[in-house]
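A.B. asks: give me the fold of what follows.
(one chain, ligands or ions: 1)
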Amino acid sequence: MSPETLLAMRDPLGAPIHPLAVQALLVITFVLHIFFITASVGSLLLGLYGLNKGEENWQRASKVAIRVATQTLGLGITMGIAPLLFVQVIYDPAWYVATTLMGLWTVLFIPLVALGYLFLYVLYLRGNVAGVGYVSLALLLLAGFVMHSLANAGLYPSRWVEWYAPGGVVHTTGERLLGYNLPRFAALLFGQAGLSLGVILLLFAWYFRRREDVPQAFLRFVEGLAQGALRVGAGIYGLLGLLWAFTQGAELGLGWPVAVVVLAVAALFYLHAGRARAENALATLGLYLGALLVVALLREGLRVSALGRYGYSAMQYPYVWDWGSILFFVATAVAAVPVIVYLAQVLYASGTRKEGADPSPRVEAFGDVGVKLLLGWFAFYFALGLYVVVRNL
Ligand code: HEM
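C.D. replies: Predicted coordinates for the structure are as follows:
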């Protein structure tokens, strides 16, 4: 694959905004995606493990974990759409080559995620059907492996032609998974699943700490589980992360940076585990999101380095300021933020007491603003659509 071919595969229309903004949004939204996805995988693993334990605390923790897995999976899938949009704007040559080479898996991806979620929901509703939970876990891991392969195959332009036509014979079935690196996949999924689970459990214990109907002994049990999850996650992350550094990291010329980052993150959370308490759950969350951001930047660094060898740089992606798209994007964000914040505040207030609590008048006022902004957004959306239709009649 020559550098000219790679550059010629970019969208001739260019990006609608400076590529740096797209790259920043790609990294930030990936952090949210991977946080919720790994929290879900970690919670599901804990839930399934706890189902086999007879002890009351375990039974209760298992129920909580399965419920958390369901909710965080929904958030993780939703947050996956955002990096997907951004990656195919500035890395379209790599992304579309990967999705074409693995066409069958690309098509199967959505059914895998949908079925995985469906089975998880059945487990959540029925509670005691562990087999369904294992099927869900298998489907979700397979979906994650497809995503991992798609992201990684794009890093190796030198192999694309051989993958497309092994030995010179075109192979178009798209049934092979290509470009994967097992240590990277396992570190990013299982290592981070332990860490995300630890953080989520701490947040759970923090949230319910003032509720009189939730036994303190149970919350202490959850806190202990959180510390254990942080330790196990850090161990897996450090070991597999090092293997990632020695394999793909070294191959792409960033072996040392990968090794240093994964060891630092692993050591930080291994040492922090002993001090992680429900009371300082928010600080642990902040620390963890910071660590995830560093890892997301490292991932992006690998891509920059891999494609840079072929003269490809996202920063040189042609772009035109498309003010219509930018206005639309900003208007959507402005309208959505108050609604999301309002819903989060209502949810928070409703769980602070057993019988629930009414949100404060300030929160209600916030909700009113949110609804008005949303209505304004709908009006804007339809007016813009009608204007475009009429203008093109
Ligand atoms: C509709 C659902 C999903 C969408 C739209 C989505 C989207 C994405 C995107 C865009 C990336 C980044 C690709 C890149 O940077 O090139 C990504 C990475 C990743 N996703 Fe998802 N994802 C979804 C579901 C899942 C599920 C169910 C799992 C696992 C249970 C998962 C696990 C991962 C992992 C492990 C990575 C990192 C791969 C790597 O860097 O090697 N995703 N996903």
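A.B. asks: check what pLDDT residue 357 gets.
C.D. replies: You'll see residue 357 listed with a pLDDT of 69.
A.B. asks: repeat that for residue 334.
C.D. replies: 84.
A.B. asks: how far off centre is the helix or strand hosting it?
C.D. replies: Element membership for residue 334, per DSSP states H and E: helix 323-350. For helix 323-350, the separation from the chain centroid amounts to 20 Å (computed by Cα atoms, centre = their mean, to the nearest Å).
A.B. asks: counting by contacts, list what that helix packs against.
C.D. replies: Applying 3 or more Cβ pairs under 8 Å, 6 or more residues apart in numbering; DSSP states H and E, we find helix 323-350 packed against helix 361-391. From N, CA and C alone the C-beta is placed, and that goes for glycine too.
A.B. asks: now do the buried residues in the helix it packs on.
C.D. replies: Within helix 361-391, the residues that count as buried by 16 or more other Cβ atoms under 10 Å are 363, 366-367, 370, 373, 377.
A.B. asks: same check, this time on stretch 276-294
C.D. replies: Buried-residue list, stretch 276-294, by 16+ other Cβ under 10 Å: 276, 278, 281, 284-285, 287-288, 291-292.
A.B. asks: report the two of these separated the most.
C.D. replies: The distance between the two most remote of those (Cβ to Cβ) is 21.0 Å, for 278 and 292.
A.B. asks: past the top helix by length along the chain, which element shows up next along the chain?
C.D. replies: Scanning the chain for the longest helix, with DSSP state H as the assignment, gives helix 56-90. The first helix or strand that comes after helix 56-90 along the chain, using DSSP H and E, is helix 92-101.
A.B. asks: list the residues that contact the residue nearest to residue 311 when sequence neighbours are not counted.
C.D. replies: Of all residues not flanking residue 311 in the chain, residue 3 sits nearest, at 3.7 Å (Cβ to Cβ, 6 or more residues apart in numbering). By Cβ atoms under 8 Å, 6 or more residues apart in numbering, the contact list for residue 3 reads 310-312.
A.B. asks: ok, those residues vs residue 136, which is closest?
C.D. replies: If you rank those by distance to residue 136 using Cβ to Cβ, residue 312 comes first, at 38.0 Å.
A.B. asks: tell me which element the closest one falls in.
C.D. replies: Using DSSP H and E, no helix or strand contains residue 312.
A.B. asks: tell me the spacing between it and the ligand.
C.D. replies: 14 Å (Cβ to the nearest ligand atom, to the nearest Å).
A.B. asks: shouldn't that residue be in contact with residue 93?
C.D. replies: Yes: with contact defined as Cβ atoms under 8 Å, residue 312 counts as touching residue 93 (7.3 Å).
A.B. asks: shared neighbours of those two, which are they?
C.D. replies: With contacts taken as Cβ under 8 Å, 6+ apart, the residues that reach both residue 312 and residue 93 are 6-7.
A.B. asks: measure the residue lying closest to residue 174 once chain neighbours are set aside to the ligand for me?
C.D. replies: In this structure, residue 174 finds its nearest non-sequential neighbour in residue 103, 3.1 Å apart by Cβ to Cβ, 6+ apart. For residue 103, the distance to the ligand (Cβ to the nearest ligand atom) stands at 17 Å.
A.B. asks: surely residue 103 touches residue 176?
C.D. replies: No: at 10.3 Å, residue 103 does not count as touching residue 176 under the criterion of Cβ under 8 Å.
A.B. asks: for residue 331, what are its contacts?
C.D. replies: Residues near residue 331 by Cβ under 8 Å, 6+ apart: 377, 380.
A.B. asks: swap in 10 Å and give it another go.
C.D. replies: Taking Cβ atoms under 10 Å, 6 or more residues apart in numbering, we find residue 331 in contact with 373, 376-377, 380-381, 384.
A.B. asks: next: residue 18.
C.D. replies: Counting by Cβ under 10 Å, 6+ apart, residue 18 touches 24, 315, 317, 319, 321.
A.B. asks: same thing but 7 Å
C.D. replies: Applying Cβ atoms under 7 Å, 6 or more residues apart in numbering, we find residue 18 in contact with residue 319.
A.B. asks: okay, now residue 52: neighbour count?
C.D. replies: Using other Cβ atoms under 10 Å, residue 52 is surrounded by 9 other residues.
A.B. asks: how many neighbours does residue 234 have?
C.D. replies: Neighbours of residue 234 under the rule other Cβ under 10 Å: 24.
A.B. asks: typed the wrong thing, it's residue 141
C.D. replies: Burial of residue 141 is recorded as 17 neighbouring residues (other Cβ under 10 Å).
A.B. asks: same deal with the one 10 residues further on?
C.D. replies: A total of 24 residues lie near residue 151 under the criterion other Cβ under 10 Å.
A.B. asks: contacting residues around the helix or strand harbouring it?
C.D. replies: Taking DSSP H and E as the definition, residue 151 sits inside helix 130-153. Helix 130-153 is contacted from outside by 41, 44, 47-48, 51, 98-99, 101-102, 105, 109, 112-113, 115-116, 119-120, 122-123, 177-181, 185, 189, using Cβ under 7 Å, 6+ apart.
A.B. asks: run the angle between it and helix 56-90 for me.
C.D. replies: Put simply, helix 130-153 runs at 30 degrees to helix 56-90, going by axes from the mean of the first three to the mean of the last three Cα atoms, to 10 degrees.
A.B. asks: and the residue lying closest to residue 68 once chain neighbours are set aside, what does it touch?
C.D. replies: Distances taken as Cβ to Cβ, 6+ apart put residue 43 closest to residue 68, at 4.4 Å, once the chain neighbours are dropped. Listed by Cβ under 7 Å, 6+ apart, the contact set of residue 43 reads 65, 68-69, 72, 197, 200.
A.B. asks: and of those residues, the nearest to residue 227?
C.D. replies: Among these, and counting by Cβ to Cβ, the member closest to residue 227 is residue 197, at 11.1 Å.
A.B. asks: looks like that closest one contacts residue 42 (just checking).
C.D. replies: Yes: with contact defined as Cβ atoms under 7 Å, residue 197 reaches residue 42; the gap is 3.0 Å.
A.B. asks: overlap in contacts of the two?
C.D. replies: Common neighbours of residue 197 and residue 42 (criterion: Cβ under 7 Å, 6+ apart): residue 229.
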